[in-house]
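K.L.:
got a predicted model here, sequence first, then my questions.
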Amino acid sequence: MSILYAELQVLGRQVPCAQVTFSFRQAVDLWGRPSSIVRIELLKVTLTGEPVGWGIWEELKFDAFRRVSGWVLYFDAEGRTAKRYAFYNAALIELTFHYDGKGLTSRQAATHLELHFSPATVEVDGQRLEAHSLIPWETDLPTRFRALTKPADPLPSAHLAALLAPLKPKAAEFDMGRLRQGIPPAREVTTKLPATQPAAPIFPTLDPALLRAQPAPKMRTGAEAGLPATPDSIRTGEVVMEQHPDYPALVQHLAQRGYPLVVNDKGAPHVVFERVCNEQGNTLQETKYVVVIAGMRFLDLEHEADHVEQLEDRFGGELPSTKYLQLTPSDKVEMKTAPDILRDWQDAVTEYHVRLLEYRRLAERGGAASLLAKHFKGLKDAYENYSYEIAKQHKRPAWVAKHFPELDTLANQVPPHKPLLKRGNRPTGGLR
């Protein structure tokens with residue numbers, strides 16, 4: 001089984017690795033006889049591309065007391081996990097940023113980042129080795145292991161899945177009712193596939209037991225089964241998401257933003273941003289992913305991608321959907337009233353905003369009247385819920401104006417209806 005790809009999973013991110021080194025050693029005496037103690041060497045990871053610019057690495061390095069747990073996963077050419085390296089309570093003891101000025105002319109990566117982690121304990125394919133204990137007094141190995149912060153369950157690599165996804169063949173496009181061959185211009189989708197059944201997802205379906213139960217997932221919406229691939233269904237996004245030519249690129253984009261896909265067979269698609277903190281309020285771990293349903297429409301995946309954009313760009317990655325307090329190494333409690341989580345009324349705002357974006361997108365793509373009518377009903381329901389929540393407190397419209405200043409403009413783009421909301425006026429509910 002040849003290893004093709006390695007990925008670092010830490011701090012709720014999935015980061016492709018350019019190079020990874022870990023090793024173990026034994027000291028020897030003057031006669032070359034090895035010690036009976038096997039020591040853990042540093043975990044050395046080299047990153048290139050977009051992750052080099054993420055600020056989380058410097059934030060982690062500058063906090064001298066911060067410790068993190070995570071995974072280095074190695075995958076074979078089929079996308080299967082070939083090797084697992086888990087590290088527990090590791091300190092980032094060295095961070096080195098390299099820049100090569102020749103990158104501009106060579107068109108190759110001009111920067112790379114070297115991270116050196118010093119873990120308390122590591123586990124390689126189930127075999128565990130301890131460097132030092134977190135418990136200052138003498139105790140047994142199982143007790144010392146329970147004191148460690150466990151990493152989140154490993155996730156399949158969305159980066160690799162996108163790279164391994166087969167390219168969709170270019171097919172004929174229609175012009176004036178006649179068939180002609182050619183390269184479609186930008187934003188014009190012309191791929192036609194003969195498949196009549198939803199294609200199998202390119203990601204393995206995770207066991208739901210591996211994911212923390214979400215009592216009432218936020219940023220959640222319904223989804224419909226996708227249609228067979230035709231020029232019309234691809235253009236509007238009603239096609240099975242796995243058969244859309246832009247599917248691999250969108251999946252890779254979400255993964256690069258730290259939101260890999262988790263494919264389920266049933267349920268509702270939603271975005272999860274979970275944060276675990278200690279009693280001092282310091283973030284111990286963040287877990288992010290997008291739950292999708294196998295065979296759902298591509299436009300439903302775009303809907304969830306819009307929610308990711310809200311969390312990361314509009315809220316700056318500072319407003320998780322769920323927050324937990326780490327009481328003991330094995331016990332967490334949900335902080336339902338924490339001030340820095342996405343409240344239900346804010347969730348109603350985000351859903352209304354995405355519904356507006358979705359309706360405009362479908363109208364621009366020339367969606368059928370029946371499709372637009374169905375989505376208009378969903379938009380109307382989202383607006384009524386939004387109006388009800390926004391009217392409860394006088395400060396809420398100001399928050400909307402700060403984070404979604406274009407909301408009125410988007411509402412005006414739903415012809416022939418009037419603006420759905422006037423800032424400064426108390427919403428009364430109902431779509432006009």
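P.N.:
Thanks, I have the structure now. Residues are numbered from 1 along each chain as shown.
K.L.:
now do the contacts for the residue nearest the centre of the chain.
P.N.:
When Cα atoms, centre = their mean is applied to the chain, the residue found nearest the centroid is residue 259 (0.5 Å). Contacts of residue 259 were listed using Cβ atoms under 8 Å, 6 or more residues apart in numbering, and they are 271, 288, 289, 290, 308. Where C-beta positions appear, they are placed from N, C-alpha and C, glycine not excepted.
K.L.:
distance of residue 40 from residue 284?
P.N.:
Computed as Cβ to Cβ, to the nearest Å, the residue 40 to residue 284 distance reads 22 Å.
K.L.:
repeat that for residue 59.
P.N.:
If you go by Cβ to Cβ, the gap between residue 59 and residue 284 works out to 13 Å.
K.L.:
with neighbour numbers in mind, choose between the two.
P.N.:
More crowded of residue 59 and residue 284, by other Cβ atoms under 10 Å: residue 284, with 18 against 13.
K.L.:
excluding covalently adjacent residues, which one is nearest to the more buried one?
P.N.:
Leaving out its chain neighbours, the residue that sits closest to residue 284 by Cβ to Cβ, 6 or more residues apart in numbering is residue 276, at 4.8 Å.
K.L.:
could you pull out the helices for this protein?
P.N.:
56-62, 103-106, 141-146, 158-164, 231-236, 247-256, 298-309, 344-364, 369-390, 396-403, 407-412 (DSSP state H).
K.L.:
turn those helices into CSV, columns for distance to residue 114 and mean pLDDT.
P.N.:
Listed next are the helices of the chain as CSV, based on distance: least, Cβ to Cβ, whole Å; pLDDT from 0 to 100:
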stretch, distance to residue 114, mean pLDDT
helix 56-62, 10, 92
helix 103-106, 17, 52
helix 141-146, 29, 86
helix 158-164, 20, 63
helix 231-236, 43, 94
helix 247-256, 20, 91
helix 298-309, 29, 95
helix 344-364, 38, 93
helix 369-390, 46, 91
helix 396-403, 37, 94
helix 407-412, 44, 86
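K.L.:
mind putting those into CSV with distance to residue 322?
P.N.:
Shown next, in CSV, are those (distance: least, Cβ to Cβ, whole Å):
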stretch, distance to residue 322
helix 56-62, 19
helix 103-106, 40
helix 141-146, 24
helix 158-164, 21
helix 231-236, 33
helix 247-256, 19
helix 298-309, 14
helix 344-364, 11
helix 369-390, 19
helix 396-403, 19
helix 407-412, 25
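K.L.:
what's the closest of those to residue 74?
P.N.:
Of all those, helix 158-164 sits nearest to residue 74, with 10.4 Å by Cβ to Cβ.
K.L.:
just give me the neighbour total for residue 100.
P.N.:
The burial count for residue 100: 12, using other Cβ under 10 Å.
K.L.:
quick one, what contacts it?
P.N.:
110, 111.
K.L.:
any idea how far it is from residue 350?
P.N.:
41 Å.
K.L.:
first-to-last residue distance for stretch 130-142?
P.N.:
Stretch 130-142 has an end-to-end distance of 11 Å (Cα to Cα, to the nearest Å).
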